[in-house]
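>>> Quick check, what structure comes out for this input:
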Amino acid sequence: MGFAERLAELMAERGISGRGLARLLPCDRSYVSLLTQGKRRASPQMAARIDALLGAGGELAALAAASETAPGDRERLAWAREHPRRVDLAAVESLAGVLAAQRHAEDTLGSAAILRPVMAHLAAVGDLVTEACGPVRAALVDVAGQWAQFAGWLNASVRKDATAIRLCDLALGWATEAGDVNMVSQVVSMKGHVAWMDGHPGPVIGLSQAAQRDPRAFAGQHAISAAQEARGHAMTGDADAAERKLDDAMASAQAADEQHEESPPWLYYHSPAYFQLQRGIVLGYFAKTPRYRDIALAALETGYAGLPPDEQASEWGAAYLVHMAAVHERSGDADRAAAVALDAARVVRQTGSPRLRGMLGPQHRRMAARWPDHPGVAMLGEALT
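Numbering: from 1, shown residues only. Here you go, the predicted model:
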């Protein structure tokens, strides 16, 4: 479903007429009519305003962002849906452009807001894959595998773990057919990520190791999986193994930086700041030891400060604030733990992120049990209600 269809649907659900929405915006009534008919595109600012007025939770803004393709691209995509057996490389390139726009939209709007349009596009792409044959099939299957992996990531972020794993399996099949060793590594690693969120160190370690097994994969792929394996070792309390894998991750990250032109498109967020944040998460598990606490906090603070402002305010960027708050809490600093957690709670309000809320809830309960009379902890509880 596109922006126009969802706008009309929401207006009907809310009982708001075109004249009524135009009065609220304010704008000309004919403009609203053109939007609902798909004959006019909303600017990002207008889409965000309509989204807020209709209480769409970011969905309309996400659909508008995801539609930011050139007119020729949109025409080719529509044609491809009507003629799935005649899809050409231009249409596949257009699909890749839509996927890239959706990835960046998630950074701004959060997983929950972008999930519905991504799943709708994935269903359409899946239909194209079913019908595709000939030389274009390999390219289409490659993009489809990326789309299924991204949809799996989004579902994991809103804690629909069973759907996330199902989509990982779908992505794995398509990536294997396409011969994309990087996406195979990414999908296996993501299954380890779901296990990490569920608190199961065994599969975190095993799947992360499997994701590093193919030497043909880009070094950046191995870097994220090595860092994730380090987290698994940290969960078991094995500091030596965790530090060893962190060293491996940093070495792979450096090798990736030297050949960045070969990086797959989904690793656009990789940066020195990102890997500092990974170090901070891992060593934060040992925060009761002063040496590890100090290194973890320095890494988390430096890494977070090194992110661009839009990434700091994103759902995934704010997750590092929760990890930072946890390190402060483990080291006994109530003031800093509460202040940093409140910063993360503000992003929850902006994005409606189930993942962030799910991380902050247990964090607040631990802090409330330890410091029941602390005003900052009380404010955090109010922010989460």
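>>> Okay, strands next: where are they in the stretch 201-350 of the chain?
With DSSP state E, counting those that start in this stretch, there are no strands along the stretch 201-350 of the chain.
>>> pLDDT below threshold where in it?
Applying pLDDT under 70 to the stretch 201-350 of the chain flags no residue at all.
>>> Please list the outside residues in contact with stretch 193-207.
156, 159, 161, 164-165, 168, 188-189, 191-192, 228-229, 231-233, 235-236 (CB atoms under 8 Å, 6 or more residues apart in numbering). C-beta coordinates here come from the backbone N, C-alpha and C atoms, glycine included.
>>> and it, how far from the chain's centre?
Stretch 193-207 sits 18 Å away from the centroid of its parent chain (CA atoms, centre = their mean, to the nearest Å).
>>> go on, stretch 343-359?
Between the centre of stretch 343-359 and the centre of its chain there are 13 Å (CA atoms, centre = their mean).
>>> Next, the buried residues of that stretch.
For stretch 343-359, the neighbour count (16 or more other CB atoms under 10 Å) marks 343-345, 347-348, 350-357, 359 as buried.
>>> What is the end-to-end distance of that stretch?
From its first residue to its last, stretch 343-359 covers 13 Å (CA to CA, to the nearest Å).
>>> Begin at 9, not 1, for the rest of this chat.
Let's use 9 as the start, then, which means that last one is stretch 351-367.
>>> So what touches that stretch?
With contact meaning CB under 8 Å, 6+ apart, stretch 351-367 is reached by 65-66, 117-121, 165-167, 321-323, 325-327, 329-330, 333, 368, 388, 391-392.
>>> Please narrow those residues to those residing in helices.
Mapping these onto helices (DSSP state H) picks out 117, 119-121, 165, 323, 325-327, 329-330, 333, 368, 388, 391-392.
>>> most neighbours, which of those residues?
Highest neighbour count within the ones in helices among the contacts of stretch 351-367: residue 333, with 29 neighbours (other CB atoms under 10 Å).
>>> Let me see the contact set for it.
Counting by CB under 8 Å, 6+ apart, residue 333 has contacts 344, 345, 346, 348, 349, 352, 371.
>>> Name the nearest of these relative to residue 190.
Distances from residue 190 to these, taken as CB to CB, are shortest for residue 352 (31.1 Å).
>>> How about the contacts made by the closest residue to that closest one other than its chain neighbours?
Nearest residue to residue 352, sequence neighbours excluded (CB to CB, 6 or more residues apart in numbering): residue 329, at 4.0 Å. Taking CB under 8 Å, 6+ apart, we find residue 329 in contact with 312, 348, 349, 351, 352, 355.
>>> how many other residues sit next to the third one?
Other residues within reach of residue 349, judged by other CB under 10 Å, total 27.
>>> Would you mind measuring from it to residue 331?
The spacing between residue 349 and residue 331, counted by CB to CB, to the nearest Å, is 11 Å.
>>> one step back: among the contacts of residue 329, name the ones in helices.
312, 348, 349, 351, 352, 355.
>>> tell me the domain ranges of the protein?
According to automatic domain parsing, the chain comprises the domains 9-76, 279-393.
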